[in-house]
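S.K.: here is a sequence with its predicted model. Questions after.
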Amino acid sequence: MTGNDNSGRRFVPAEDKIRFWEARATGISIKESCKIAGIHYNTGQEWDSKRRKMQAEVASAALEAKVSGVKAHRNGDKVAELRATIDSISELPPVIPYARLGDRAKQGWDDFEFFRRIYLGRVSSPWQVEAALRIVEYLESEEKEFLVLNCPPGAGKSTLFHDVAVWCIVRNRSIRVLIGSISQTLAKMYSRRIRETLERPTRLIADPELVRKGLAVDAEGCLAHDYGRFKPTASGSLWRAEEFIVEQLNIGMLENKEPTVSAYGIDSEFIGHRADLCLFDDVSSTENSKESTSRDRLLERWDSVAEARCDPGGLVAVIGQRLGPGDLYAHCLNKVTYDDIDDMDDASGEDATVEEQLLEPVRKQKYHHIIYKAYYEELDTGIKSRSKRSAPWPDGPLLEPVRLPWKDLSFVKYNQPTKFRVVYQQEDIDLDYQLVERTMLTGGTGVDGVQYPGCLDRDRHPGNIQRGLSAPWVSIISVDPSPSQFWGVIWTIVQPDLGLYHVVDLERVKLTAEELLGWQMATGEYSGILEDWVCRAADMGYPVTHIIVEVNAAQRFLLAHDFVRRWQASRGVSIVPHTTTRNKLDENLGLEALIPPVVRSGSLRLPTMAGNWKTLALVEELCSWTKDKKKGTDLAMAFWFTLLHAPRLSSPRLPAQRWRPSWL
């Protein structure tokens, strides 16, 4: 019913406005919507015209801000003002039950790919659609389910989790979703993104650059229009970035409703919160995936808190790329569970036999595992199948031809094969994972089909090296000490111009500080491995100029004693202290980054392995080294010291020869 206000202008009750826009959202014509709301046809036409005009202006302003790069506060204020104007003209429709949804909204309800394209402007890849349907399938199971989803970085996993959460909320407004991440800040960012998607009053205008790449389109519909508003209109309603409650179908359901979405970092206190759908993204990192206090803390929090937040019939899903044998995903995948045996009655209704009662429960994996690789070699049919315009998996070899093009993948594949296998291919490399393959050291065809030259000088024994190596060269001894375990000591002659590393001698033995370098006060003579090797190197014509030593607490004697400084001066040797920190696992300077390229190219030259336990010990360490390995890495670490410091060490300067007549 319409009437006049004190100014004489016609006004329409809010209930009639809501009824009108609710009818329009279901696809009913303006004329019929006016009849339903009990308003004049001209009024309905005016409202509809103003809304479409405002929507166009908002879309134009947003697009202009993206294309022209104008400062955000200018166009941002304009967009906010226009949106406020739209809201003042007419309220968004209340929650629309499924039976009254329009055809487009119903199709979006049932079809995830259609939902993403129409309402979120996404162009879905086949793996994303498949993964979303699997997640919803486990969510709708009557049992509590657990899921690990591994996919390569850059494939759009975080966006997928966002879209799945939005789709689940649209389909079931009473759902409770927990968004988890490695930090509270990151989790809050994901939650805010979901909230902004739900409260947007207009359709989404896609980034022109994403449209050009074929990754996005302009959305055709608005969630709040087709499904009813999500932001509650009641004052004081919970609507914060880290947690919020969406508008419910029944008004009274808001009072005792737990947050629809809550965001928590894995280290946050969320003991009291429970959810139906727990989505954890970017929880595992390189720091908490190797043996450390950080990893122990993460796994303890995951077992005692994260898994316990899910109610019966819910789903705990964690997504990310594999990072190694010690990451959170490996921890989850190693878990087993047992089927419940609540009723041992057989089909005839009789009690189970004694033998049946003594049977062990059925053992099965606790977590479902979904894997998506960046590259499927079996589907590779040539260069054309690897282009950006080729069909994605499962019709082509690339999971995401545009997001993860072959140009980028091939660089990682051939320069960092281990990283490619683990992070991009999601291979489950266990503790027997090899830093390098034995074939790379001995020579022959590797498992990857590459013919390797090998690193063995089969006619050379430890302690020997050919004379007359071309200059420049630098002679280095590197030491990986230990207070109570084995020491690794390696003598290497480096030819920097040729990129060759000649290992002359090596030892893996238990030593004391005096056995490494000692001084006999009675005789005034030096002793120990360093003294023996330095004197031998000088006799062979390759005097040692640098000794690299890891200077942890028990080994600082090398820099503290006067006799060591006197020995340095008399032998012409410089001691280079090395401290192992995070650089051990650095992507550019770490052990995994420096050793494999030298081995694969044959630039490392080793004495023969025939009857030689010294070279064999180094080969075994290189083939069995892992990030988490604590013992049996002494020689590998000592050789890494050489590779890390050699580029900064200069070759010895020989005295200039004076000219003399030929007859002298």
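M.R.: Thanks, I have it.
S.K.: alpha carbons only for contacts and neighbour counts from here, please
M.R.: Will do.
S.K.: count of residues packed around the residue lying closest to residue 514 once chain neighbours are set aside?
M.R.: Setting aside the residues directly before and after it, residue 514 is nearest to residue 528 in space (Cα to Cα, 6 or more residues apart in numbering), at 6.7 Å. Neighbour count for residue 528, taken as other Cα atoms under 10 Å: 16.
S.K.: kindly report the same for the one 3 residues further on.
M.R.: The criterion is other Cα under 10 Å. On that basis, residue 531 has 19 neighbouring residues.
S.K.: my read is it is in a helix, agree?
M.R.: Yes: checked against DSSP: H, G, I helix; E, B strand; the rest coil, residue 531 lies within a helix.
S.K.: number of nearby residues for residue 98?
M.R.: 12.
S.K.: meant to ask about residue 175, not that
M.R.: Using other Cα under 10 Å: residue 175 sits among 22 other residues.
S.K.: return the residues in contact with it.
M.R.: Contact partners of residue 175, counting by Cα atoms under 8 Å, 6 or more residues apart in numbering, are 168, 169, 260, 275, 276, 277.
S.K.: what's the answer for residue 233, then?
M.R.: Counted by Cα under 8 Å, 6+ apart, residue 233 has contacts residue 247.
S.K.: how close does it get to residue 95?
M.R.: Residue 233 is 11 Å from residue 95, where distance means Cα to Cα, to the nearest Å.
S.K.: anything in contact with each of these two?
M.R.: Common contacts of residue 233 and residue 95 (Cα under 8 Å, 6+ apart): residue 247.
S.K.: circling back to that earlier point, tell me the contacts of the residue nearest to residue 514?
M.R.: So residue 528 contacts 514, 515, 516, 517, 518 (Cα under 8 Å, 6+ apart).
S.K.: give me the distance between the closest residue to residue 215 other than its chain neighbours and residue 287.
M.R.: Leaving aside its sequence neighbours, residue 215 sits nearest to residue 123 (Cα to Cα, 6+ apart; 5.2 Å). For residue 123, the distance to residue 287 equals 34 Å [Cα to Cα].
S.K.: ok, the two, which is more surrounded?
M.R.: Regarding residue 123 and residue 287, a neighbour count based on other Cα under 10 Å identifies residue 123 as having more, with 18 against 15.
S.K.: flag the shaky bits of the stretch 501-650 of the chain, pLDDT-wise.
M.R.: 552-559, 582-587, 627-631, 650 (pLDDT under 70).
S.K.: residues touching residue 597, list them.
M.R.: residue 415.
S.K.: then it would be within a helix, right?
M.R.: Yes: judged by three-state DSSP, residue 597 forms part of a helix.
S.K.: and it, how far from residue 588?
M.R.: 12 Å.
S.K.: can you check residue 454 too?
M.R.: Counting by Cα to Cα, the gap from residue 454 to residue 588 is 24 Å.
S.K.: repeat for residue 205
M.R.: To residue 588, residue 205 is 40 Å away according to Cα to Cα.
S.K.: those two: which is more packed in?
M.R.: Set residue 205 next to residue 588 and count neighbours by other Cα under 10 Å: residue 205 wins out with 19 against 11.
S.K.: now the more buried one, nearest residue through space, not along the chain?
M.R.: residue 218 (4.8 Å).
S.K.: in what helix or strand does residue 523 lie?
M.R.: Using DSSP states H and E, residue 523 falls within no helix or strand.
S.K.: out of the contacts of residue 175, which is most surrounded?
M.R.: Using other Cα under 10 Å as the neighbour test, those are led by residue 277, with 26 neighbours.
S.K.: what sits opposite that one in the beta ladder?
M.R.: residue 177, residue 315 (DSSP bridges).
S.K.: that one contacts residue 318, correct?
M.R.: No: counting by Cα atoms under 8 Å, residue 277 sits too far from residue 318 to count as a contact (10.9 Å).
S.K.: which regions of the stretch 151-300 of the chain lie under the pLDDT threshold?
M.R.: Within the stretch 151-300 of the chain, the ranges that satisfy pLDDT under 70 run 251-257, 269-272, 291.
S.K.: that one: helices as residue ranges?
M.R.: Along the stretch 151-300 of the chain, counting by DSSP state H, counting those that start in this stretch, helices occupy 157-171, 184-199, 208-213, 223-227, 293-301.
S.K.: pick the most deeply packed of these.
M.R.: Of these, the one with the most neighbours on average (mean count of other Cα atoms under 10 Å) is helix 223-227, at a mean of 25.
S.K.: which helices and strands sit right next to it?
M.R.: Applying 3 or more Cα pairs under 8 Å, 6 or more residues apart in numbering; DSSP states H and E, one finds that helix 223-227 contacts helix 14-25, helix 184-199.
S.K.: may I have that helix as CSV, with CA atoms only?
M.R.: What follows is helix 223-227 as a C-alpha-only set of coordinates in CSV (Å, rounded to 0.1, in the frame of the first residue of the first chain):
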residue,chain,number,x,y,z
LEU,A,223,24.8,-13.9,-5.8
ALA,A,224,22.9,-11.5,-3.6
HIS,A,225,20.3,-10.9,-6.3
ASP,A,226,19.8,-14.5,-7.4
TYR,A,227,20.0,-16.1,-4.0
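S.K.: quote the end-to-end distance of stretch 218-230.
M.R.: 21 Å.
S.K.: list the contacts of it.
M.R.: Residues from elsewhere that reach stretch 218-230, judged by Cα under 8 Å, 6+ apart: 22, 25-26, 92-97, 101-102, 105, 117-121, 170, 198-206, 246-248.
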